[in-house]
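J.: coords please:
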Amino acid sequence: MTGRTTQAAPAPFTAEDYAVRLKRAAQAAADAGLTGLLLTPGPDLLYLTGYAPVAITERITLLVVPVDGAPTMIVPKLERPDAEGSPGASVFRLADWSDGSDPYEATARLLEPGRYALSDSAWAMHLLGLQRQLPDTSYLSMTTALPMLRAIKDDDELSRLAAAGAAADEAYGEILKVGFAGRSETEIGNDLAALLRRFGHSQVDFTVVGSGPNGANPHHEMGDRIIEHGDMVVLDFGGLMHGYGSDTTRTVHVGEPTDEEREVHEIVRRAQQAGFETVRPGVECQEVDRAARAVIDEAGYGEYFIHRVGHGIGLTTHEPPYMVEGERQSMQPGMCFSIEPGIYLPDRFGVRIEDIVTVTAEGGRRLNRTPHAMAIVE
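T.: Prediction:
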């Protein structure tokens, strides 16, 4: 396998970038009638401060973002030097607590009684500790309270997502040159992971290689099954590049497919296109799911499309907005999400086609550009 020289890494986000994000987050909290936001280690904290602590999370680290006033982060005393060296350290105050003291008492001193949105990834022990100290204060999950906190990407974020998508496309182009028949799913998955890294990914999050009947399981990943001539093979893979995610799916066939396999693949291709054509500002997210699902329903395969049509992507592979029935959020320029309809025939085969798409003022733009036609591999 050969590969190109990877592009230079983009410039890091600056303290000014984090200040703008924090100000916007505080305003969103105020608009939602909240007292503030509470961010524990995870993608929301990384997004707002650039800080990603690596220590054991049994020790509470919490960023308090009030609707009025300066943000304050409380950290374990032994981790204070790391927090002080984080990219956004100049845009928040620091407080600390020592082992042997009550971290929740120290944290509670930073909070006004009220109603807060709390990171989805917060440990239950931390939430219970805060509830013990502040029994009259209430908490909502961040996704429930502010689902769009990270959904609108700026130009720098979009460039990272586009680079990650292009790298995943190059990985797909190379994997088509590798022999499939007689090799295990794990071998193909390992090849894909190596290609993602070769083309610039710092982290590989998943490699779904579902051959033959395994393709009917959307999250099969990869196993020891030996791929055979005549198999349909679902390839779904992605990870992080420059801190932002890739996620793409193509379905290939080992040797010539049957008429039925061609038909099912074509239905999924048309469904994916129908979903894409729905993308434009002001349209509810659920309409993407509806458009793709209608194509599959009309073809008689509706019961075999068993998941939502898409999910947001950014610092994590799955995040709001979700392209699913009941999601009334309107699409806005800068949103990025997958469109990935599929048909899964139990004990036989599956087909899925997935692109990452961003909303523009004119409609949608694909961040994956590889052909949707079924590729024939050896």
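J.: and Y51, how many residues sit next to it?
T.: Residue crowding around Y51 was assessed by other Cβ atoms under 10 Å; the count is 24. The C-beta positions use only the backbone N, C-alpha and C, and glycine is treated the same way.
J.: again, but for R183
T.: 15.
J.: any idea how far V357 is from it?
T.: According to Cβ to Cβ, to the nearest Å, R183 stands 32 Å off from V357.
J.: just give me the longest helix of the protein.
T.: helix 155-175 (DSSP state H).
J.: chain center to it: distance?
T.: For helix 155-175, the separation from the chain centroid amounts to 14 Å (computed by Cα atoms, centre = their mean, to the nearest Å).
J.: next, the buried residues of it.
T.: Buried residues in helix 155-175, counted by 16 or more other Cβ atoms under 10 Å: 156-158, 160-172, 174-175.
J.: please apply the same query to stretch 241-256.
T.: Of the residues in stretch 241-256, 241-254 count as buried by neighbour count, 16+ other Cβ under 10 Å.
J.: please apply the same query to stretch 197-208.
T.: When burial is assessed from 16+ other Cβ under 10 Å, stretch 197-208 yields the following buried residues: 197-201, 204-208.
J.: generate JSON lines for the residues you listed, with secondary structure as supplementary columns.
T.: As requested, these are exported to JSON lines (DSSP: H, G, I helix; E, B strand; the rest coil):
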{"residue": "R197", "secondary structure": "helix"}
{"residue": "R198", "secondary structure": "helix"}
{"residue": "F199", "secondary structure": "coil"}
{"residue": "G200", "secondary structure": "coil"}
{"residue": "H201", "secondary structure": "coil"}
{"residue": "V204", "secondary structure": "strand"}
{"residue": "D205", "secondary structure": "strand"}
{"residue": "F206", "secondary structure": "strand"}
{"residue": "T207", "secondary structure": "strand"}
{"residue": "V208", "secondary structure": "strand"}
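J.: among the residues you listed, which pair sits farthest apart?
T.: G200 and V208 (20.4 Å; Cβ to Cβ).
J.: which among the buried residues of stretch 197-208 gets closest to D191?
T.: In terms of Cβ to Cβ, no member of these lies closer to D191 than T207, at 8.9 Å.
J.: show me what that closest one is bridged to.
T.: Residues found in beta-bridge contact with T207 (criterion: DSSP bridges) are F237.
J.: so who does it touch?
T.: Neighbour list for T207: 189-190, 192-193, 221-222, 235-237 [criterion: Cβ atoms under 8 Å, 6 or more residues apart in numbering].
J.: which ones among those residues lie within helices?
T.: With DSSP H as the criterion, helices contain 189-190, 192-193 from among the contacts of T207.
J.: need the residues you listed in TSV with neighbour count, can you?
T.: Written out in TSV, the entries for the ones in helices among the contacts of T207 read as follows (neighbours: other Cβ atoms under 10 Å):
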residue	neighbour count
G189	21
N190	15
L192	26
A193	19
